[in-house]
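Undergrad: Sequence below, structure please.
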Amino acid sequence: MTSPAAQRFIDRVNDRSIVIGIVGLGYVGIPLALAALRQGIKVIGFDIDQKRVDDLNAGRSAIKHIPMDLIVENAKSGKFVATTDFDRMAEPDALLIAVPTPLTKYREPDLSYVVKTTEAIGKRLRKDQLVVLESTTYPGTTDEVMRPILEKATGLKSAEEFFLAFSPEREDPGNPDFGTSTIPKVVGGDGADALAMSLALYGTLVVKAVPVSSTATAEAVKLTENIFRAVNIALVNELKVVYEAMGVDVWEVIDAAKTKPFGFMPFYPGPGLGGHCIPIDPFYLTWKAREYDVATRFIELAGEINTRMPYRVVDKLAELLDSKGHKNLSDAKILVLGIAYKKNIDDMRESPSLKLIELIEKRGAHVEFHDPFIPVIPPTREHAELTGRKSVPVDKASLAGFDAVLIATDHDDVDYPAIVAGSKLVVDTRNACARAGIKADNVFKA
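TA: Here you go, the predicted model:
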């Protein structure tokens, strides 16, 4: 049986009078806001980036694949507002946190964004508010990190005077088949009331809310989903190396294997892992596992294989330049095609293309890039030296100036026949040319 405070919250969800606060207006926060606005729920968005806030209030977004029509409409009516004023955190009935959880340079969890956000909430938290963390993290973060900060700052007790939950984001940027509202949401609460409140809220925003027994379980669900992908990608990356030595095309093997209607799920090799989750999540679990003196050899081996892929691609590029282009990599001019971490989006978080550029330039080559979705490389945590570099145009004249084109991202909006026809050497890490039906002597897979 829910408490009176929890029931009041649920009633406000049902009649759409609830106000939601979303902390972090990026690739997770904005789609979440749109899901709430579609249900007629007022949203206050919080972010530390004043430009992002100003752009959103004006109906602009730096994220190309997210439509702004609903933001514009609701900004005019007052149903949506973005702000850097964290003193307004007392206004919403629920605060949903969608901030980054990166790794340190030592591959350990960096919870600084979560901690700072929780401290900011703690200064304003009022009785009966629901606080939900959506950021990917290790099991125990909500209970062991967030709850003590909030209880100490406010003197209020979780599960009695305020409510705390974890519901991992499940965004897949650029996926035309699944968006925030159509993806089931896993929810774990600190106590029965927090769970009931979160289920009511997310059950309104998405197609289905899936309850689990605790916040730690919900945190583990997210890690499991992405570690599953990381391990299987590592497997096909290793198979690619093995089959290449045998003269077998791993892409053809996978295409044939996936015709089996059971017992096989296709994963594809590439130049390395990208995105905010898959390259990072395994390290969150292996770090936490050490606290319990548990080895994670299988997961760590997968991480090692995936981490080495950019190095192998650059070695292959150098080998092909030498044997086919009669050119040393140190004297070459290379065009990297695609800087986003996956095709058809402008998201370059943890993109392997950044590492590829770094490695190629360390070996003395001159590198430029072309990406129809990313005109300029924004600031990044680990590749500050690339900030501000601009995408170069691709045409017959410009292609003639490069010794090789390295396809790192297989955007659909690229004329691959023209790329191949105008290039001396094409090194394809995504099987883009074969999928475009191109067979040419100057195209090689890596």
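Undergrad: Flag the shaky bits of the stretch 51-200 of the chain, pLDDT-wise.
TA: 62 (pLDDT under 70).
Undergrad: Might you report the residue contacts of G21?
TA: Contacts for G21 (Cβ atoms under 8 Å, 6 or more residues apart in numbering) come out as 43-46, 88-89, 91-92, 94-96. Yep, even glycine has a C-beta here, placed from its N, CA and C like the rest.
Undergrad: In which helix or strand does the residue of the chain lying at maximal distance from its centre reside?
TA: Within the chain, H326 marks the point farthest from the mean C-alpha position, 39.0 Å out by Cα atoms, centre = their mean. Using DSSP states H and E, H326 falls within no helix or strand.
Undergrad: Show me just the buried residues among the contacts of G21.
TA: 43-46, 89, 91-92, 94-96 (16 or more other Cβ atoms under 10 Å).
Undergrad: Among the residues you listed, which ones are in strands?
TA: Using DSSP state E, 43-46, 94-96 are the members of these that sit in strands.
Undergrad: what's the burial count for the residue nearest to L425 when sequence neighbours are not counted?
TA: Spatial nearest neighbour of L425, chain neighbours left out: A404 (4.2 Å); criterion: Cβ to Cβ, 6 or more residues apart in numbering. The burial count assigned to A404 is 26, neighbours taken as other Cβ atoms under 10 Å.
Undergrad: what does V81 give?
TA: The number of residues near V81, taken as other Cβ under 10 Å, comes to 18.
Undergrad: got a list of what it touches?
TA: 43-45, 57, 75.
Undergrad: Quick check: which helices or strands does the helix or strand hosting L285 pack against?
TA: If you go by DSSP H and E, L285 is part of helix 281-291. Secondary-structure packing of helix 281-291 (3 or more Cβ pairs under 8 Å, 6 or more residues apart in numbering; DSSP states H and E): helix 215-245, helix 297-323.
Undergrad: any idea of the mean pLDDT for the first one?
TA: When the per-residue pLDDT values of helix 215-245 are averaged, the result is 96.
Undergrad: How about the last one?
TA: Per-residue pLDDT over helix 297-323 has a mean of 95.
Undergrad: That helix vs helix 281-291, what angle?
TA: What separates the directions of helix 297-323 and helix 281-291 is an angle of 140 degrees, with axes from the mean of the first three to the mean of the last three Cα atoms, to 10 degrees.
Undergrad: start at 51 instead
TA: Okay, using 51 as the starting number, the last item reads as helix 347-373.
Undergrad: Mind listing what's buried along the helix or strand just after helix 347-373?
TA: Per DSSP H and E, helix 347-373 leads on to strand 383-387 as the next helix or strand towards the C-terminus. By neighbour count on 16+ other Cβ under 10 Å, the buried set for strand 383-387 is 384-387.
Undergrad: Next secondary structure after strand 383-387?
TA: Next element after strand 383-387 (DSSP H and E): helix 402-412.
Undergrad: just the buried ones among the contacts of G71 now: which is nearest F317?
TA: L146 (31.0 Å; Cβ to Cβ).
Undergrad: wait, that closest one sits on A83?
TA: No - taking Cβ atoms under 8 Å as the definition, L146 is not a contact partner of A83, at 9.2 Å.
Undergrad: so what's in contact with the two at the same time?
TA: 70, 72.
Undergrad: about what we covered before: was I right about the residue nearest to L475 contacting L371?
TA: Yes - A454 lies in contact with L371 (Cβ under 8 Å); the separation is 5.9 Å.
Undergrad: which residues do those two both contact?
TA: In contact with both A454 and L371: 382, 475, using Cβ under 8 Å, 6+ apart.
Undergrad: Could you list the buried residues of stretch 133-140?
TA: Here stretch 133-140 shows 133, 136, 139 as buried, counting by 16+ other Cβ under 10 Å.
Undergrad: That stretch: end-to-end distance?
TA: Terminal residues of stretch 133-140 lie 13 Å apart, using Cα to Cα, to the nearest Å.
Undergrad: Sort out which one of the buried ones among the contacts of G71 lies nearest D343 for me.
TA: Nearest member of the buried ones among the contacts of G71 to D343, counting by Cβ to Cβ, is L146, at 34.6 Å.
Undergrad: Pull the contacting residues for that closest one.
TA: Here L146 is in contact with 70-73, 79, 82, 182, 184 (Cβ under 8 Å, 6+ apart).
Undergrad: could these go into JSON lines alongside distance to Y156 and secondary structure?
TA: Putting those into JSON lines (distance: Cβ to Cβ, whole Å; DSSP: H, G, I helix; E, B strand; the rest coil) gives the following:
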{"residue": "I70", "distance to Y156": "36", "secondary structure": "strand"}
{"residue": "G71", "distance to Y156": "33", "secondary structure": "strand"}
{"residue": "I72", "distance to Y156": "31", "secondary structure": "strand"}
{"residue": "V73", "distance to Y156": "27", "secondary structure": "strand"}
{"residue": "G79", "distance to Y156": "28", "secondary structure": "helix"}
{"residue": "L82", "distance to Y156": "31", "secondary structure": "helix"}
{"residue": "V182", "distance to Y156": "29", "secondary structure": "strand"}
{"residue": "E184", "distance to Y156": "25", "secondary structure": "coil"}
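Undergrad: Buried among those? Make that a PyMOL selection.
TA: Buried residues among those (16+ other Cβ under 10 Å), as a PyMOL selection:
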select buried, resi 70+71+72+73+79+82+182+184
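Undergrad: With distance to P226 as extra columns, can I get the contacts of L146 in a markdown table?
TA: Converted to a markdown table, those look like this (distance: Cβ to Cβ, whole Å):
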| residue | distance to P226 |
| --- | --- |
| I70 | 26 |
| G71 | 29 |
| I72 | 24 |
| V73 | 28 |
| G79 | 21 |
| L82 | 19 |
| V182 | 27 |
| E184 | 23 |
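Undergrad: I'd like to know which of the contacts of L146 is nearest to A242.
TA: Nearest to A242 out of those is V182 (Cβ to Cβ; 15.5 Å).
Undergrad: What residues are bridge-paired with the closest one?
TA: Counting by DSSP bridges, V182 forms beta bridges with L146, A215.
Undergrad: Nice, that's everything, thank you.
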